[in-house]
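Q: Task: produce atomic coordinates for the following.
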Amino acid sequence: MDLSTLVDWGLGSFLAIMTILFIFRIVLTWYPQINLKQFPYNLVAYPTEPFLAPLRKVISPIGGVDITPIIWVGIFTLLRELLLGQQGLLN
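A: Predicted coordinates:
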């Protein structure tokens, strides 16, 4: 296995997992009574919170709905396509 394959696999896996975690985080915002510090919710909250917290300072909730996870899903999906897509920069 060469380095480019390893980078593609590692980066692709990271971007896909983060996208899935942010989608779960979007679903969890529908249930504000859930404690994100409890298992299994903390498995979603801990990796995503470092990305969400700074963006929340810039973008306030719209109608009481936190849209920052939606923005991060778009960012990670775009990065995956730009870097690893069929005509991506790393292919």
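Q: Sketch out the strands for the chain, chain order is fine.
A: In the chain, no strands are found when defined by DSSP state E.
Q: Helices of that one, residue ranges please.
A: For the chain, the helices defined by DSSP state H cover 3-28, 42-58, 68-84.
Q: Name the residues of the second one that come out as buried.
A: Using 16 or more other Cβ atoms under 10 Å as the test for burial, helix 42-58 gives 44, 45, 48, 51, 52. The way it works is simple: take the backbone N, C-alpha and C, and place the C-beta from them, glycine included.
Q: Where does the prediction get shaky in this protein?
A: Where the chain drops to pLDDT under 70, the residues are 1.
Q: check contacts around residue 39.
A: Contact analysis of residue 39 by Cβ atoms under 8 Å, 6 or more residues apart in numbering lists nothing.
Q: ok, back up a step: which of the helices of the chain has the highest mean neighbour count?
A: Between those, helix 68-84 has the highest mean count of neighbours, a mean of 17, where neighbours are mean count of other Cβ atoms under 10 Å.
Q: between that helix and helix 3-28, how big is the angle?
A: 160 degrees (axes from the mean of the first three to the mean of the last three Cα atoms, to 10 degrees).
Q: Check which helices and strands helix 68-84 is in contact with.
A: Contacting helix 68-84 under the criterion 3 or more Cβ pairs under 8 Å, 6 or more residues apart in numbering; DSSP states H and E are the following elements: helix 3-28, helix 42-58.
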